[in-house]
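K.L.:
model this:
(one chain, ligands or ions: 1)
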Amino acid sequence: VLHEEGHLDCNEVAAEIAFHNPKIHFVWNSTLQEIKGKEEVESLVIKNVVTNESKEVKADGIFFFVGMVPQTEFVKDLVACDKKGYIKVNEKKETNVPGIYAIGDCTQTFLRQVVTSAADGAIAATASERYVKEKKQIDAILTPDSGKVAFLFYNPYDSAQIDVLTKMEEKLGETYHVIRQDITRQSLLYERLQMHNVPAAAYYENGQVERIEESL
Ligand SMILES: Cc1cc2nc3c(=O)[nH]c(=O)nc-3n(C[C@H](O)[C@H](O)[C@H](O)COP(=O)(O)OP(=O)(O)OC[C@H]3O[C@@H](n4cnc5c(N)ncnc54)[C@H](O)[C@@H]3O)c2cc1C
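P.N.:
Sure, this is the predicted structure:
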């Protein structure tokens with residue numbers, strides 16, 4: 001055990017059971033330095049991380065606890081990782097690169113267990129499906145010959161915003177092709193434009209953003 005005597009990383013119930021198991025001998029403040037043996041495991045060299053002393057212990061075998069080094073070398077030039085190599089993600093499991101998601105043990109997360117990894121997968125699957133759908137819609141609308149388009153961003157759970165939007169639609173309707181964006185479900189463009197308030201509007205001409213209005 002890497003920690004001081006009595007300190008295990010597992011939960012307290014599991015720790016108590018382990019402490020009362022007469023077959024388990026704990027070696028504290030220590031890390032595995034070497035596995036020795038020819039055909040099979042014969043002994044282990046264990047290093048005390050406090051005293052730096054090493055000692056050899058006879059052993060017939062070893063179970064690897066896989067460890068906590070994320071295997072993210074192959075993506076570290078592609079997406080942002082922290083100093084330890086964990087991939088940085090937001091609550092939708094998006095990395096800093098649009099369209100690339102990361103889940104599970106290799107990400108920055110509080111708890112690394114099967115259930116949290118599976119939950120991450122469900123989040124990323126839903127978020128990525130919405131991303132692809134929204135991106136296709138936006139790409140189809142914002143073309144070089146799309147003319148004047150106004151996106152109106154709103155939160156449908158605030159009825160006052162719906163009133164503002166209805167008035168804006170009437171006002172803009174003659175000049176612009178007006179498209180509503182419910183930011184609780186359609187946030188791609190809103191986030192891409194780094195907007196922070198609703199109701200808000202983004203005006204485009206032939207696929208290019210003209211101006212943004214954040215206090216309607
Ligand atoms: C000893 C131990 C005991 C544990 N006990 C529990 C427990 O009791 N309960 C619990 O909930 N959790 C437990 N966990 C944690 C749990 O196993 C992990 O949280 C979970 O497996 C993480 O799932 P994952 O899909 O993120 O990663 P993983 O299950 O690690 O899956 C990642 C996969 O990616 C593959 N891979 C890696 N690099 C590449 C690459 N370049 N290309 C293609 N594939 C690649 C790997 O081979 C692996 O199959 C334990 C973990 C360990 C090590």
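
K.L.:
run through who's touching stretch 176-191.
P.N.:
For stretch 176-191, the surrounding residues in contact (CB atoms under 8 Å, 6 or more residues apart in numbering) are 130-131, 134-135, 138, 141, 146-157, 165, 168-169, 172, 198, 200, 202-203. The way it works is simple: take the backbone N, C-alpha and C, and place the C-beta from them, glycine included.

K.L.:
of those, just the buried ones, PyMOL syntax please.
P.N.:
For the buried members of those, the matching PyMOL selection, counting by 16 or more other CB atoms under 10 Å, is:
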select buried, resi 131+134+138+149+150+151+152+153+154+165+168+172+198+200+202+203
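
K.L.:
so after the longest helix anywhere in the chain, what's the next helix or strand?
P.N.:
Counting residues, the longest helix found in the chain (DSSP state H) is helix 114-141. Going down the chain from helix 114-141, the next helix or strand is strand 148-154, by DSSP states H and E.

K.L.:
how far off centre is that following strand?
P.N.:
Centroid displacement of strand 148-154 relative to its chain, using CA atoms, centre = their mean, to the nearest Å, is 29 Å.

K.L.:
where does this protein get nearest to the ligand, residue-wise?
P.N.:
Gly104 (2.1 Å; CB to the nearest ligand atom).

K.L.:
and that residue, backbone torsions?
P.N.:
The phi and psi values for Gly104, taken as degrees, to the nearest 10, are phi 80, psi -160.

K.L.:
what is the neighbour count of it?
P.N.:
Gly104 has 19 neighbours, counted by other CB atoms under 10 Å.

K.L.:
can you check Leu188 too?
P.N.:
18.

K.L.:
and whichever helix or strand Ile35 is part of, how far out from the chain's middle?
P.N.:
Assessed by DSSP H and E, Ile35 sits inside strand 30-36. Strand 30-36 sits 33 Å away from the centroid of its parent chain (CA atoms, centre = their mean).
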